[in-house]
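In: the amino acid sequence is not available; the structure is as follows:
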C-alpha cells in the first residue's frame with residue numbers, strides 16, 4: 001500500500017469518485033490507500049459535496065509549508081498504550097478531527113475534543129492538553145469554554161485538586177439534552193412569530209411549519225437520549241429484559257409515543 005502524501009492525480013480520482021457517488025472505502029480501494037486517508041482528505045477540504053482536487057492540492061501544499069513539526073519533549077516519539085501503532089493512531093486522530101470540524105466546530109476546538117475523546121482516561125488537565133497538542137494555554141482555555149457551552153465536556157477536580165476536563169457517556173447525553181432544549185427555544189420563538197406576522201399569511205405559515213417540525217425533532221431527540229441512557233448505560237444485572245415476549249432481533253421495548261405539535 002503506497003504511503004506519503006496524496007498526489008494531484010490521486011486527488012482528481014477522489015473528486016471523480018465522489019462525483020460518481022462512491023463510498024470512501026471504494027475510492028480508497030481503487031487508490032490502494034487507507035480509508036482513513038480518503039476520509040481525512042475529503043473532510044478537511046470542503047466535504048463530499050464541495051471537494052475540489054486542485055483547491056485541495058494547493059491547500060495541502062500551503063499547510064505543509066506553514067507546518068512546523070513540534071518535537072516531543074526528550075526528542076522521542078511518545079509510546080502508545082496497548083501496543084497500538086503510533087502512526088495509525090496519529091492518522092486516525094487527524095481523521096476524527098476533520099470529521100468533527102465538518103460539523104461546524106473550529107479546528108482548535110476539534111483538536112481538543114479529539115484529544116479528550118481518544119485518551120483512555122477520557123479526562124485531561126489543561127497542562128496535559130497543552131503538552132499533547134503543543135499549543136498555548138489560552139488556546140486550550142478558549143476551546144474548553146466553547147465545548148462546555150455545548151455540553152460536550154465537564155470539569156471535575158482530581159485528588160490533587162487539579163481541574164480536569166472530562167468526556168464520557170454522560171457528557172454526550174447532557175449534550176444531546178442541551179441540543180433538544182436549544183431547539184425547543186427556537187420552537188417557542190417561531191410560534192411567537194406566527195401571531196406577530198398574522199396567522200394564515202405566507203410568512204406565518206412558514207414559521208408554523210418550522211415550529212411543528214422542530215418540536216417533533218426536539219422531543220424525539222430527548223426521548224431517544226433518555227431511552228438510550230436507560231438501556232445502554234444500565235449495569236448487566238439491572239438492565240431491562242429485552243428478550244422476553246419478543247422474537248430474535250426485536251427492538252428493546254416500544255419507543256415512547258411522540259406526537260407532532262398541534
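Out: Happy to help now that I have it. Remember, predicted model here, so these are calculated numbers, not experimental data.
In: identify each buried residue in the helix or strand hosting residue 10, please.
Out: In this assignment (DSSP states H and E), residue 10 forms part of helix 8-19. Using 16 or more other C-beta atoms under 10 Å as the test for burial, helix 8-19 gives 10-11, 13-15, 17-18. C-beta coordinates here come from the backbone N, C-alpha and C atoms, glycine included.
In: enumerate every residue touching residue 163.
Out: 125-126, 155-157 (C-beta atoms under 8 Å, 6 or more residues apart in numbering).
In: just the buried residues of those residues.
Out: For these, buried by 16+ other C-beta under 10 Å: residue 126.
In: so which of the contacts of residue 163 sit within strands?
Out: 125, 155-157 (DSSP state E).
In: and which of those is nearest to residue 187?
Out: residue 155 (30.3 Å; C-beta to C-beta).
In: buried ones in stretch 173-184?
Out: Counting neighbours by 16+ other C-beta under 10 Å, stretch 173-184 gives 173-177, 179-180, 183-184 as buried.
In: would JSON lines of the residues you listed with pLDDT, secondary structure and distance to residue 200 be doable?
Out: Formatted as JSON lines, the buried residues of stretch 173-184 follow (pLDDT from 0 to 100; DSSP: H, G, I helix; E, B strand; the rest coil; distance: C-beta to C-beta, whole Å):
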{"residue": "173", "pLDDT": "90", "secondary structure": "helix", "distance to residue 200": "40"}
{"residue": "174", "pLDDT": "88", "secondary structure": "helix", "distance to residue 200": "40"}
{"residue": "175", "pLDDT": "88", "secondary structure": "helix", "distance to residue 200": "38"}
{"residue": "176", "pLDDT": "89", "secondary structure": "helix", "distance to residue 200": "35"}
{"residue": "177", "pLDDT": "91", "secondary structure": "helix", "distance to residue 200": "35"}
{"residue": "179", "pLDDT": "88", "secondary structure": "helix", "distance to residue 200": "32"}
{"residue": "180", "pLDDT": "91", "secondary structure": "helix", "distance to residue 200": "30"}
{"residue": "183", "pLDDT": "92", "secondary structure": "helix", "distance to residue 200": "25"}
{"residue": "184", "pLDDT": "92", "secondary structure": "helix", "distance to residue 200": "25"}
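In: biggest helix in this structure by residues?
Out: helix 202-232 (DSSP state H).
In: re earlier: so which elements touch the helix holding residue 10?
Out: helix 24-31, helix 35-43, helix 53-66 (3 or more C-beta pairs under 8 Å, 6 or more residues apart in numbering; DSSP states H and E).
In: angle of it against helix 53-66?
Out: 130 degrees (axes from the mean of the first three to the mean of the last three C-alpha atoms, to 10 degrees).
In: residues in contact with helix 8-19?
Out: Outside helix 8-19, the residues that reach it (C-beta under 8 Å, 6+ apart) are 6, 26-27, 30-31, 33, 38, 41-42, 48, 51-54, 56-57.
In: fine by me, thanks again.
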